[in-house]
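In: Next come a sequence and a model predicted from it.
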Amino acid sequence: MGAKTGIEWTDATWNPVTGCTKITRGCDHCYAERLAERFRGKRGHPFENGFDLTLHRKRLSQPLSWKRPRRIFVNSMSDLFHKEIPTEFIDRVFDTMEVADRHVYQVLTKRGSLMKRYLQRRYGRGVAPEHIWCGVSVEDRSATARIQHLRKTPASVRFLSIEPLLGPVGDIDVEGISWVIVGGESGPNARPMEERWVLDIRDICEREGVDFFFKQWGGPTPKSGGRHADTESHPRVPIPKPTHTTPSPIHAPETKPQLPC
């Protein structure tokens, strides 16, 4: 776990915490829960506890051993700002990110208000270092309040993961947002995503000059519906200004099949 990942918008995952609890309908068919519960009770396995919230103190220093700069998704199997994670543990995660600053860290949460308050306490009148990107997940119009919390979060790079997209989000305000990821749900009970919902978000991003990344249409598997929206694959990511060399950008696929507008 960690060194490699199949997630298109990152290079690696780092899970000092695993497990979570559901707080929104976007959590209903959680891929992380589905994966972790397969190994519940298997002695010695990283997911021996299934999807119960578990702190892994031995993993706190993992990025320090990765010499090549990479883009790291923090807690792909949990939420760093779960209310039951002690503040001192979150402090240690941020300590590692600040020391191993050759990497770019992507911190994604559904608990945007807690992330905002934590960063305000940690950085005071300043902002998080440029190599620590902060994002929130949004699944439909009912979850857009998280965007407002994110816009007030003292971070240099803010991003939205609108995945799984389960309904229209409306004319969202993306001022202060660097990057928007959109994707459909995948798995055996995947709920459908309408093309219009995707294109509306794409149009907002183009209008406001925000980088847009279309991840997938979703379906029984992540690759079921492909990952092309309209006539572009939209693989863009923002380029931050970290202290050291940035990981190589994500490149577009060579083929771009046509889809109706």
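Out: Done, it's in.

In: And the strands in the stretch 51-200 of the chain, which stretches?
Out: Assigned by DSSP state E, counting those that start in this stretch, the stretch 51-200 of the chain shows strands spanning 54-55, 71-74, 104-109, 132-137, 157-162, 179-183.

In: what residues does the fifth one touch?
Out: With Cβ atoms under 8 Å, 6 or more residues apart in numbering as the contact definition, strand 157-162 has outside contacts at 106, 108, 130, 132-139, 147, 150-151, 169, 174, 176-183, 201, 238, 240. The C-beta positions use only the backbone N, C-alpha and C, and glycine is treated the same way.

In: starting at the chain centroid, how far to the strand or helix carrying Phe214?
Out: Taking DSSP states H and E as the criterion, Phe214 maps to strand 211-216. Distance, stretch centre to chain centre, for strand 211-216: 12 Å (Cα atoms, centre = their mean, to the nearest Å).

In: Where does pLDDT dip in this structure?
Out: 1-3, 223-261 (pLDDT under 70).

In: In space, not sequence, find me the middle residue of it.
Out: Closest residue to the average C-alpha location of the chain: Leu108 at 4.3 Å, with Cα atoms, centre = their mean.

In: Tell me where this structure has helices.
Out: Counting by DSSP state H, the chain has helices at residues 31-37, 87-99, 112-123, 145-151, 195-208.

In: Please point out which parts of the longest one sit buried.
Out: Okay, so that is helix 195-208. Trp197, Val198, Leu199, Asp200, Ile201, Arg202, Ile204, Cys205 (16 or more other Cβ atoms under 10 Å).

In: so what secondary structure elements neighbour it?
Out: Contact here means 3 or more Cβ pairs under 8 Å, 6 or more residues apart in numbering; DSSP states H and E; on that basis helix 195-208 packs against strand 179-183, strand 211-216.

In: what do you get if the cut-off is 10 Å, keeping everything else the same?
Out: Applying 3 or more Cβ pairs under 10 Å, 6 or more residues apart in numbering; DSSP states H and E, one finds that helix 195-208 contacts strand 157-162, strand 179-183, strand 211-216.

In: Leu55 is nearest to which of these?
Out: Among the helices and strands packed on helix 195-208, the nearest to Leu55 by Cβ to Cβ is strand 157-162 (23.3 Å).

In: Can you give me the buried ones in the closest one?
Out: Neighbour-count burial for strand 157-162 flags Val157, Arg158, Phe159, Leu160, Ser161, Ile162 (criterion: 16+ other Cβ under 10 Å).

In: try stretch 75-88
Out: Across stretch 75-88, burial judged by 16+ other Cβ under 10 Å covers Asn75, Ser76, Met77, Ser78, Asp79, Leu80, Phe81, His82, Ile85.

In: Report the distance from it to the chain centre.
Out: Centroid separation for stretch 75-88 versus its chain: 14 Å, with Cα atoms, centre = their mean.

In: swap in stretch 63-72?
Out: Centroid separation between stretch 63-72 and its chain, computed with Cα atoms, centre = their mean, is 18 Å.

In: what do you get for stretch 36-50?
Out: 24 Å.

In: Now do that stretch: everything it contacts.
Out: Outside stretch 36-50, the residues that touch it by Cβ atoms under 10 Å, 6 or more residues apart in numbering are 1, 15, 18-20, 30, 32-33, 35, 51-52, 54, 56, 59, 77-78.

In: among those, which two are most distant?
Out: Greatest spatial distance among the contacts of stretch 36-50 (Cβ to Cβ): Cys30 and Arg59, at 20.6 Å.
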